[in-house]
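Participant: pasted the sequence and its predicted model underneath.
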Amino acid sequence: MRLALLGPPGAGKGTQARRICQTFNLVHLSSGDILRTEKMAGTAHGRRIRDFIDRGMLVPDSLMLGIMQNRICALQQGFVLDGFPRTLPQAKELSRLLKHIKRPLDLVINLDVPMDVLSRRFEGRRVCPICRDVYHIDSNPPVKPGICNNEGSRLIIREDDMPEVVRTRLSTYKKLTAPLIEFYATTEADRLVTINSAGQPDEVTKLVFAAIEKRRASQISHNGKPETAA
Ligand code: AP5
Ligand code: MG
């Protein structure tokens, strides 16, 4: 299957994408994680990216499309897109690309969370600098406080989780990314599902998995098998 997750910063895209990939054996493509890895590399490319991320602004479409297109085309397996597409030009170009390679999205999941709930998520988020796993000091704490369950490394706070940067990220979302919900409602109405993601992570996961199973069942009832094996 091929999925895309929409939702504002802090909606739980990374958290749910990891769970989906583990359960349904898909590849997780997080545009934010890919950019942060480039940024850490400290190359000229990475420095350019750092300027945008640290200010909470979007990396230009041309740069982002180049980065994601190569990775998507290289995949033989199904995948979950997390954080991409994020602007109308990105969404249109993604649709064009996937149509061209005959691997359209099976499902677009919009994680809907009220803005007042989001601030608590940023305040408590901790991430592993090695495996990029995401924790929360209250809703999803690691077994040992401050330490990654997988790597044993010290968890860090993301640089763009500072309140002033979060404000810019949220307003950028409203202006440039929220219109994608309407885009998919118009172009892929039967593949768009909105999920209330204000509940606890496990409750949201149940709803997300149910939506994926429902989509798979509808593909099987139409075609006798899932539309897309990969
Ligand atoms: P990116 O890394 O994609 O950040 P984002 O979209 O702002 O989303 P977040 O990663 O902050 O949140 P999330 O939805 O993944 O939530 P999470 O699961 O962590 O992008 C970063 C930057 O890169 C952008 O600002 C931009 O500069 C650039 N960029 C990326 N993609 C781009 C693109 N396509 N084009 C241009 N530029 C791009 O959860 C948040 C916290 O809440 C965690 O602590 C988690 O444990 C907790 N939590 C999760 N779910 C729940 C729940 N249900 N209840 C309680 N707590 C929860
Ligand atoms: Mg994320």
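Facilitator: Arrived safely, thanks for sending. Ligands and ions are numbered 1, 2, ... in the order given.
Participant: the closest residue to ligand 1 within the chain sits in which helix or strand?
Facilitator: Nearest residue of the chain to ligand 1, counting by C-beta to the nearest ligand atom: G32, 1.8 Å away. Backbone N, C-alpha and C define where each C-beta goes, glycine included. Assigned by DSSP states H and E, G32 falls within helix 31-41.
Participant: list the helices and strands that helix packs on?
Facilitator: helix 44-55, helix 61-74, strand 79-82 (3 or more C-beta pairs under 8 Å, 6 or more residues apart in numbering; DSSP states H and E).
Participant: what's stretch 22-38 in contact with?
Facilitator: 1, 3, 13-14, 17-18, 20-21, 45-46, 49, 53, 59, 64, 67-68, 71-72, 75, 77-84, 86, 132, 209, 212 (C-beta atoms under 8 Å, 6 or more residues apart in numbering).
Participant: and H28, what are its phi and psi?
Facilitator: Here is the backbone geometry of H28 (degrees, to the nearest 10): phi -90, psi 120.
Participant: okay, now the residue nearest to it when sequence neighbours are not counted: neighbour count?
Facilitator: Counting by C-beta to C-beta, 6 or more residues apart in numbering, C21 is the residue found nearest to H28 once chain neighbours are left out, at 4.5 Å. Per other C-beta atoms under 10 Å, the neighbour tally for C21 reads 19.
Participant: can you check V117 too?
Facilitator: So V117, with other C-beta under 10 Å, has 13 neighbours.
Participant: the helices in this protein, which residues?
Facilitator: Per DSSP state H, the chain has helices spanning 13-24, 31-41, 44-55, 61-74, 88-100, 115-124, 163-172, 179-187, 201-223. These are given in chain order.
Participant: now mean pLDDT too, for those helices, in a markdown table please.
Facilitator: Below are those laid out as a markdown table (pLDDT from 0 to 100):
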| stretch | mean pLDDT |
| --- | --- |
| helix 13-24 | 97 |
| helix 31-41 | 92 |
| helix 44-55 | 89 |
| helix 61-74 | 94 |
| helix 88-100 | 97 |
| helix 115-124 | 89 |
| helix 163-172 | 95 |
| helix 179-187 | 96 |
| helix 201-223 | 92 |
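Participant: most tightly packed of those?
Facilitator: helix 13-24 (a mean of 20; mean count of other C-beta atoms under 10 Å).
Participant: that one: how far from the chain's middle?
Facilitator: Helix 13-24 sits 9 Å away from the centroid of its parent chain (C-alpha atoms, centre = their mean, to the nearest Å).
Participant: does that helix reach ligand 1?
Facilitator: Yes: using C-beta under 6 Å from any ligand atom, helix 13-24 reaches ligand 1 at 13-15.
Participant: equivalent analysis for stretch 109-124, please.
Facilitator: Yes: Stretch 109-124 reaches ligand 1 (C-beta under 6 Å from any ligand atom) through 121, 124.
Participant: using CSV, list the CA coordinates for that stretch.
Facilitator: What follows is stretch 109-124, C-alpha atoms only, in CSV (Å, rounded to 0.1, in the frame of the first residue of the first chain):
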residue,chain,number,x,y,z
ILE,A,109,-5.0,10.1,6.0
ASN,A,110,-5.6,13.6,7.5
LEU,A,111,-4.8,13.7,11.2
ASP,A,112,-7.1,16.3,12.6
VAL,A,113,-6.1,17.9,16.0
PRO,A,114,-7.4,21.2,17.5
MET,A,115,-4.7,23.8,17.7
ASP,A,116,-4.9,24.1,21.5
VAL,A,117,-4.0,20.4,21.9
LEU,A,118,-0.9,20.8,19.8
SER,A,119,1.0,23.1,22.1
ARG,A,120,1.2,20.4,24.8
ARG,A,121,2.7,18.0,22.3
PHE,A,122,5.6,20.3,21.3
GLU,A,123,6.4,21.0,24.9
GLY,A,124,6.9,17.4,25.8
